[in-house]
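K.L.:
Just the structure for this:
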Amino acid sequence: MRVVIGQGSCGIASGAKKTEAEFRKAIKSAKLKVEVTTTGCVGTCYLEPIVDIYDDKGKMTRYVQVQPEKVKEIVDGHIKGGKPVKELTISADDKKFIDKQTRVVLRHCGLINPEVIEDYLAVGGYEATKKVVTSMTPEEVIEEIKVSGLRGRGGAGFPTWFKWNAAAQNSGKNKYIVCNADEGDPGAFMDRSVLEGDPHSLIEGMIIGGFAMGATEGVIYCRAEYPLAIKRLEIAMEQARKKGFLGKNIFGSNYSFDIRIKAGAGAFVCGEETALIASLEGERGMPRLKPPFPAAKGYWQQPTNINNVETFANVAWIITNGGAAFGAMGTEQSKGTKVFALAGKIKKGGLAEVPMGLTLKDVIYGIGGGIKNDRAFKAVQMGGPSGGCIPASLVETPVTYEDINKTGAIVGSGGMIVMDEDTCMVDMARYFLDFTRKESCGKCNYCRIGTKRMLEILERITNGEGRDGDIELLEELAEKIKDGSMCGLGQTAPNPVLTTIRYFRNEYEDHIYNHTCTAKSCRALISFNITDKCVGCTKCSRGCPVDAIKGEVKKQHVIDQEKCIKCGRCQDNCNFGAIERL
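P.N.:
Numbering: from 1, shown residues only. All right, here's what the predicted structure looks like:
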């Protein structure tokens, strides 16, 4: 029997380390011969900590939300008694979260120990590398990737084979292949989960990509805020070297390749490939003019190819199963699967990998379970700060590069932030613009100053100080910033504003002309009132941080509007629904 505890960042944050310690203690105390081991994120982040118990025949029973106090019951009932504790196992409804997915990138996440290379080898790891370096030519590898239709999963969706081929066609003293693991979109955690749960799939993809373009050195540019990912990558790389999969003469061939890690400082602009290269060279992360493109003159002015984690994680599967098998999934122009991070006001937050072409409704409701507390679905933000808000009226939109682009958003790296009826779309635009304004490198005037001016307008509007003409001014500034910025950060920064104006213009008008927040969310435009439902329990007054609520026991209380800071704590504390938000 074997106990496997999910310990990606989400699992650890939920208490998985304490759960593991309790299992080890209980098993030792009972003098049982049971292996306790680790895996990465399963994807059902909302159910962490997750514990899988495998019997001697390999049958798995999954337990969810396993806090330390539940461990003894599982050990006594299941491990010692041989009967699963059904009330603690995953429900049939929650099983659908995984069962409805098609897993290529996430095929090993939550199933193998990311710190034990033998686990990866047991599921066919490095067989694709062996096939490539011993029996294929670089041209054949590139052709297989071309047949697959794999497009870069970092945001732009550029054909992977084309970038590899461009670097292969250029000559240089050294060639480099770089992995962009500097995942910076708020609410996005796809790459982190692969790095933490299946680091060898990235390493293998980079080896194959390096072989295809003739590179002998790879660099993983990983954000320093991912310490667990970096630790597991370092372990995986060292294990791969000891096995001869990295280093000189891989699998006895003439091909030599090695990888190193560069920890990035968390600059969002370094998601742009020329800014990333500048950072690798020790310079400030600022974009450079193109052409020349990195495939011709990149890292140290040598031919360089850059893809993100998810792109590389597809490569070994494509080589093993054939490009046609990957291309058979998805649509004609958007082939294969895509990993999405479901976050926000959604019942089942986590990672979902699906064939491209499913609708937003399929993902949000079919896999994500719909909206928390069964509230009305309002919009979904796709593509992070570079993307846009797609309204509920377009929920049947297929998730493809082309169809999502038509809405004004982008697929991006795969973040999906779901919003319900209580979300203010003006404030949402303000949030994302505040992010891009802070992350601008400052090289372009339009990006540096224009985003600041747009943010000032949005802040005025959400503070109830909007003016006639503000909407038109936002639109004018947005177009100039898009046209005048050199890199993708500035060119896409206005997208959240433009899409919210496009689909939720009435909310901007309500803020400006009626001085009301449609969602009753913006503090400056709301107030709280105690109705005659109040029974005088005093709970609201006792919980008020500024002592703004007065009243006698068993009598209706009153809020001093001058003192009230509109924190909403009174409404949260009221058990009788006596406090309304106006």
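K.L.:
And the longest helix seen in the chain, how far out from the chain middle?
P.N.:
As assigned by DSSP state H, the longest helix anywhere in the chain is helix 227-243. Mean C-alpha position of helix 227-243 versus that of the full chain (C-alpha atoms, centre = their mean, to the nearest Å) differs by 22 Å.
K.L.:
downstream neighbour of that helix in the secondary structure list?
P.N.:
Tracing the chain C-terminally past helix 227-243 and defining elements by DSSP states H and E, one meets strand 258-264 next.
K.L.:
helices and strands around the helix or strand just after that next one, which ones?
P.N.:
The element immediately downstream of strand 258-264 (helix or strand, assigned by DSSP H and E) is helix 273-280. On a contact count with 3 or more C-beta pairs under 8 Å, 6 or more residues apart in numbering; DSSP states H and E, helix 273-280 meets strand 176-181, strand 217-223, strand 258-264, strand 304-308. C-betas here are computed from N, CA, C, even on glycine.
K.L.:
With mean neighbour count added, can I get those in CSV?
P.N.:
Listed next are the helices and strands packed on helix 273-280 as CSV, based on neighbours: other C-beta atoms under 10 Å:
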stretch, mean neighbour count
strand 176-181, 28
strand 217-223, 23
strand 258-264, 17
strand 304-308, 27
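K.L.:
In contact with the residue nearest in space to the middle of the chain, which residues are there?
P.N.:
The structure's the chain has its C-alpha centroid closest to residue 188; by C-alpha atoms, centre = their mean the separation is 2.0 Å. In this structure, residue 188 makes contact with 341, 384, 412-415, judged by C-beta atoms under 8 Å, 6 or more residues apart in numbering.
K.L.:
redo that, cut-off 6 Å
P.N.:
By C-beta atoms under 6 Å, 6 or more residues apart in numbering, the contact set of residue 188 is 341, 413, 415.
K.L.:
can you check residue 64 too?
P.N.:
Applying C-beta under 6 Å, 6+ apart, one finds that residue 64 lies in contact with 47, 50, 90.
K.L.:
redo that, cut-off 7 Å
P.N.:
Applying C-beta atoms under 7 Å, 6 or more residues apart in numbering, one finds that residue 64 lies in contact with 47, 50, 90, 94.
K.L.:
show me what contacts the nearest residue to it once chain neighbours are set aside?
P.N.:
Spatial nearest neighbour of residue 64, excluding adjacent residues (C-beta to C-beta, 6 or more residues apart in numbering): residue 47 at 3.9 Å. With contact taken as C-beta under 7 Å, 6+ apart, residue 47 is in contact with 64-65, 90, 94.
K.L.:
Phi, psi for residue 47 please.
P.N.:
Backbone dihedrals for residue 47, given as degrees, to the nearest 10, come out at phi -110, psi 0.
K.L.:
ditto for residue 381
P.N.:
phi -90, psi 120.
K.L.:
Show me the beta-bridge partners of it.
P.N.:
With DSSP bridges applied, the residues forming beta bridges to residue 381 are residue 389, residue 417.
K.L.:
Residue 387 is in contact with that one, correct?
P.N.:
Yes: between residue 381 and residue 387 a contact is recorded at 6.3 Å, counting by C-beta atoms under 7 Å.
K.L.:
So the two - more neighbours on which side?
P.N.:
In terms of neighbours (other C-beta atoms under 10 Å), residue 381 is the more surrounded of residue 381 and residue 387; the figures are 32 against 29.
K.L.:
what's the spacing between that one and residue 1?
P.N.:
Computed with C-beta to C-beta, to the nearest Å, the distance linking residue 381 and residue 1 is 44 Å.
K.L.:
got it, and residue 447?
P.N.:
Using C-beta to C-beta, which is the criterion applied here, residue 447 is 57 Å from residue 1.
K.L.:
Which one of the two is surrounded by more residues?
P.N.:
residue 447 (28 against 14).
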